[in-house]
Structures are given as structure tokens and as C-alpha cells.
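for reference, the sequence and a predicted model appear below.
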Number of protein chains: 2
Amino acid sequence: MTTLLNRRDPGQGSASERSPLHDDVVDQLRQMIIRCELVPGERFTEQKLVEKFGVSRTPLREALKILASEGLVEMRPHRGSSVSPISIEEISETFAVLGTLEEMAGPLVCDRVSNVDIARLERIKDEMSSKRDATDRNSYFELNVAFHQSMIALSGNAVLSATYNQLFGKLQRARYLVNDDQNRWSESAREHSWIMEALRQRDGAELSKRLREHNSRTAQAVLDKLRG
Amino acid sequence: MTTLLNRRDPGQGSASERSPLHDDVVDQLRQMIIRCELVPGERFTEQKLVEKFGVSRTPLREALKILASEGLVEMRPHRGSSVSPISIEEISETFAVLGTLEEMAGPLVCDRVSNVDIARLERIKDEMSSKRDATDRNSYFELNVAFHQSMIALSGNAVLSATYNQLFGKLQRARYLVNDDQNRWSESAREHSWIMEALRQRDGAELSKRLREHNSRTAQAVLDKLRG
DNA sequence: CATACATAGATTGCATTCAATATTGACAGG
DNA sequence: CCTGTCAATATTGAATGCAATCTATGTATG
């Protein structure tokens, strides 16, 4: 492959929708980091990445800056960039904050959620279950992201939602390392069902409780795996 | 003034501490935006900023990208950058999230805070009071930032702290527009004292409650001002 | 007179070049 | 043999130049 980029060229579609180059680089790099194709701590020279992606240093560096602001890469002046190491401490702290945000969202979501919204979430959950034996865990991952982020988005608080998504993203790598655990997998599916049940009943307090429980269990599983 | 930048040149001090150019630009621009010297919504061409700061377009653009990730500027492809408008909705939502994070921090802080920490916060609070009649509100502002951010930092959860600081930063502009209200000013000073009292007693639940109360009142004052 | 289109100017996106800094390796001194 | 210093190389930081895109003005047409 001469370039990793596979850009959508608007061609005739609604023109002027061409995305900046660095956005594509960001997306590609983010995925590679989340999927641990770039191992945590690994240092990369700009030259290597330039060759890999087939772009010049300017958009590449813009991409690195963005990923740095997301916490996925670290940049030290004059010393290059590297993939952020996975810190168990940081993972643990992130789970704690996410749990609090989910708890906050519970009542807000129940106040606003429509039947259509619930149906959408059910579909996502069911599709996730159908991927039970999936050989490729990437689609399961995407669905899990969609489930949780869609849920929080229903709170109607865009700042909450954006903050949540940002922190959620920082956990993806750690989750990825762990999601081959079949026990935790089915446990998680059950918890998703409980969560949906509370949502259908519009019981905000109960939804908060179950979200936190789910968060707590997931954190436990991820951290156990990382430590063991 | 030929350039707005006033860089610290390491000279002989611990060498190699030279910060990248764009960091200085970021700091300057951030302050100008927070202090509303650049009015919300205002569009700026890169050329203008290049002349103002005396740097080339490359570091300037890097600076804009960073501020965009902080939510202070908006960049649209091929259409340039502008100061993010202040949205009352967004301000309100941000206060809500901050309140939740402070509530989360309360018990954590009380579990870990030392007498030295408390003394440091007291000093900040007292200094803030001494700036009561300050003609320049900038130092009051800095102290208020220090008070709240130092408090949350004592939680020991670095992710919580970073998230809090980021959101706090997005509110600074709105606060700045409001802080000439003398009534709210003295009310706020009293609330700070109450907060310190709960902290001295290491009463986590009470600290959470008072932090949320303070947050709620501040939000009310800011939003009232913005609406009126 | 209003609207659509075309062209010129302005502005941003990307590539390349030049400068500053860090890293590596060799060599001299202890 | 180890350690500290200095030079050579590699790498990042900043500036400049070129190409692509948008915006604004003026003209033609209904």
C-alpha cells in the first residue's frame, strides 16, 4: 500500500465537503493507537509517519497536536512524539469520572427520552448481542461506543455529552486489551439489558444506579486484566 | 508595540527550557479571548494575527488548533477562524457538569487534604478578599481560578482535575463579563469561607453540598447577567 | 430591477526549505 | 576502564512558497 489514506472524494456530491487532510490522519492514527497497532510508549519520528501516510509534515504535525490534546500521544519539545503509555492509575481515575457523569445523566435522560430513542438503543443493544461470536471485535466495539454515547447524548446536555465522549475515548485502548473475556462479555450484555429496563420505565434514580454498577464492574474487569 | 510576545529567554538559566513559539501565542490569545478583547464571534484572518504576534503562519495555526480543541475558537475549513460565540445554553450546561464534578471531589478532597493544603487555600481565599476594591479584576480572577482548581486538585484524581480545569476555562469569558457585580462579589466571598469551614472539618458530604451551592449561585448570577 | 453567473482578489491548506535543538558516537583525560 | 566533552548526524521547530478554495464585485440576462 502506498498510502494508508482512503479519502472520500466528494466528486459531484454536495461539493466543498472535502475534509482537511489532517482529519484523515487523525482518524487513522487514532484507530491504530486504540487498537494497539502502535504500542503504548512507542516513539515515532515524523519521517516514518510521513512515509506511511503519504502526506507532508505540516498536516501530520497538526494531526499529532490534536491527538496530543486528546491524550493519546505525548509531545515533548524537540524530542518528538510517542504513543501515550497506558497508566493503570489514569484508567482507574477515568472510570471514576465517567461513572459520575453517567450518574448525572440518568435522570436527565429519563426526563427526555422518547420511545423512538429507546427503540434505537434497543437495536444497538441487540446487534451487540448478535456479535457475540464475532471473530472481529471491532464492530462490537463500535456498537458499545454507540450504545453508551447515545445514551448520554439523550441527556440533552451537550457539554456533558462531549466531556463524556472524550473520556470514553481515552479508555478505548484499555478496553481493547480486555474484551476477549467471554465471562465478562455475557455479564456485560446482561447489564445492558438491565439498563434498558430502567430506561423504559423512565426511572432516573434506578438508571443512574445501574449505569454506575455497570461502570464499576467494567472498570474492575479492565483493571484486573491490566494488573494480571 | 511591534510584537505582543514577551518570551522568557533562558539565556544562562537552566538551558533548553525554551518553550515552543506556539505556546506563547496560545497563552496570549487565550487571555485576550477570556478578557473579551477579542469579541465573541469575531473572525480573524491569519494575516492579521501574524502581524500582531510577529510569528509566521505555521506556529500561529498550531496555536489556533489548540484553542479550537479547548473550544475557545472555531475553525471551519477554508473559511478561517473565529472567536467562539458565547452560548447561554452552553454556559448553563457547563456549570451543571462542573457542579457534578465538584460534588464528586468533596469526599475525596476531605480524605486526603493536609493542614498545609488547607493553609494554602486559606491564603488564596484571604488574598482574594483583600482584592475587594481592586481596580484591576485580573488578579482577583487568577486567584479565583487558583482557589477552585487547587481545591479539586486535592482530590488526587488527576483526570477529574484536568477535566474540571478544562471546563472551568470555558466559563472564564462569561465570568469576566459579570464580575463587576459587588453584591454577588461579597456573597461569593462568604461562600468561599463556608467551603473552607467544611474542608477544615473534613466533612466530605458537607463540602460537596457547599460546593454545589456555590456553583449553583454563581451560575445563577452569571446567567442572569447574560440574559439581562 | 432582481437574479444568476463569471471572473478577480483574498484567504486558507499543503509542501518544501531553512534554522535550531537534541542525540549519538568517538576521543581524550582521569 | 570509566567518564566527560566535543563534533557529526538526525530530528524537530519555524518560515516561506505554491496550489486549492472561498468571497466579493461586476456584468449579462430574464
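That came through, no problem.

pLDDT at the most centrally placed residue in chain A, what is it?
Among the residues of chain A, the one closest to the centroid is A:Gly169, at 3.6 Å (CA atoms, centre = their mean). Note for A:Gly169: predicted pLDDT of 93.

how close does the residue nearest to it when sequence neighbours are not counted sit to DNA strand D?
Closest residue to A:Gly169 apart from its sequence neighbours, by CB to CB, 6 or more residues apart in numbering or on different chains: A:Glu70 at 6.4 Å. The way it works is simple: take the backbone N, C-alpha and C, and place the C-beta from them, glycine included. Separation of A:Glu70 from DNA strand D (CB to the nearest atom of the strand, to the nearest Å) stands at 17 Å.

settle this for me: A:Glu70 is touching A:Leu167, isn't it.
No - at 10.2 Å, A:Glu70 does not count as touching A:Leu167 under the criterion of CB atoms under 8 Å.

of these two, who's got more company?
It is A:Leu167, of A:Glu70 and A:Leu167, that has more neighbours when counted by other CB atoms under 10 Å in any protein chain shown, with 20 against 16.

that one contacts A:Gly99, correct?
No - using CB under 8 Å, A:Leu167 is not in contact with A:Gly99; the gap is 10.4 Å.

got the contact list for A:Lys131?
By CB atoms under 8 Å, 6 or more residues apart in numbering or on different chains, the contact list for A:Lys131 reads A:139-140, A:143.

quick one: buried ones out of those?
Among the contacts of A:Lys131, the ones that count as buried by 16 or more other CB atoms under 10 Å in any protein chain shown are A:140, A:143.

show me the subset of the contacts of A:Lys131 that also lies near DNA strand C.
For DNA strand C, no contacts are drawn from the contacts of A:Lys131 by CB under 7 Å from any atom of the strand.

reformat the contacts of A:Lys131 as a markdown table; add pLDDT and secondary structure.
What follows is these, written out as a markdown table (pLDDT from 0 to 100; DSSP: H, G, I helix; E, B strand; the rest coil):
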| residue | pLDDT | secondary structure |
| --- | --- | --- |
| A:Ser139 | 85 | helix |
| A:Tyr140 | 85 | helix |
| A:Leu143 | 93 | helix |
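
pick the one among the contacts of A:Lys131 closest to DNA strand D.
A:Ser139 (32.5 Å; CB to the nearest atom of the strand).

give me every residue that touches that closest one.
A:Lys131.

A:Gly204 too?
A:106-111.

distance of the closest residue to A:Ser150 other than its chain neighbours relative to DNA strand C?
Spatial nearest neighbour of A:Ser150, excluding adjacent residues (CB to CB, 6+ apart): A:Leu121 at 6.2 Å. Distance, A:Leu121 to DNA strand C, using CB to the nearest atom of the strand: 36 Å.

list phi and psi for A:Leu38.
Backbone torsions of A:Leu38, given as degrees, to the nearest 10, read phi -100, psi 110.

that should have said A:Asp203, apologies.
The phi/psi pair for A:Asp203 (degrees, to the nearest 10) is phi -100, psi 90.

wait, doesn't it sit right on A:Pro107?
No - taking contacts as CB under 8 Å, A:Asp203 lies outside contact range of A:Pro107: 9.2 Å.

which residues touch the residue nearest to A:Gly169?
A:Glu70 touches A:30, A:166, A:169-170, B:69, counting by CB under 8 Å, 6+ apart.

need the buried ones from those residues selected in PyMOL.
Buried subset of these, written as a PyMOL selection, criterion 16+ other CB under 10 Å:
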select buried, (chain A and resi 30+169+170) or (chain B and resi 69)
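
tell me which of the contacts of A:Glu70 fall in helices.
A:30, A:166, A:169-170, B:69 (DSSP state H).

so which of these is the closest to B:Arg217?
Among these, A:Gln166 lies closest to B:Arg217 (CB to CB), at 27.8 Å.

how far away is the closest residue to the closest one other than its chain neighbours from A:Thr94?
In space, and not counting its chain neighbours, A:Gln166 is closest to A:Glu70: 6.9 Å by CB to CB, 6+ apart. Shown here: A:Glu70 relative to A:Thr94, a distance of 13 Å by CB to CB, to the nearest Å.

which residues are common contacts for those two?
A:Lys170.

what strand or helix carries A:Ile86?
Assessed by DSSP states H and E, A:Ile86 sits outside every helix and strand.

and it, what is it in contact with?
Contacts of A:Ile86 by CB under 8 Å, 6+ apart are A:40, A:173-174, A:177, A:226.

also A:Ala63?
Contacts of A:Ala63 (CB under 8 Å, 6+ apart): A:22-23, A:25-26, A:29.

distance from the chain centre to the helix or strand where A:Gly99 lies, please.
Here A:Gly99 is covered by helix A:88-112, with elements defined by DSSP H and E. How far helix A:88-112 lies from its chain's middle: 14 Å, per CA atoms, centre = their mean, to the nearest Å.

anything in that helix near chain B?
Yes - with CB under 8 Å from any CB of the partner chain as the criterion, chain B is reached by helix A:88-112 at A:89-90, A:93-94, A:96-97, A:100-101, A:104.

drop anything exposed from the residues you listed.
A:90, A:93-94, A:96-97, A:100-101, A:104.

which positions in chain A make contact with DNA strand D?
A:15-16, A:18, A:44-47, A:57-58, A:61, A:75, A:77-81.

near DNA strand C, from those?
A:57-58, A:77-79.

export the residues you listed to TSV and append columns for neighbour count.
Compiled in TSV, these are given as follows (neighbours: other CB atoms under 10 Å in any protein chain shown):
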residue	neighbour count
A:Arg57	12
A:Thr58	14
A:Pro77	11
A:His78	7
A:Arg79	9
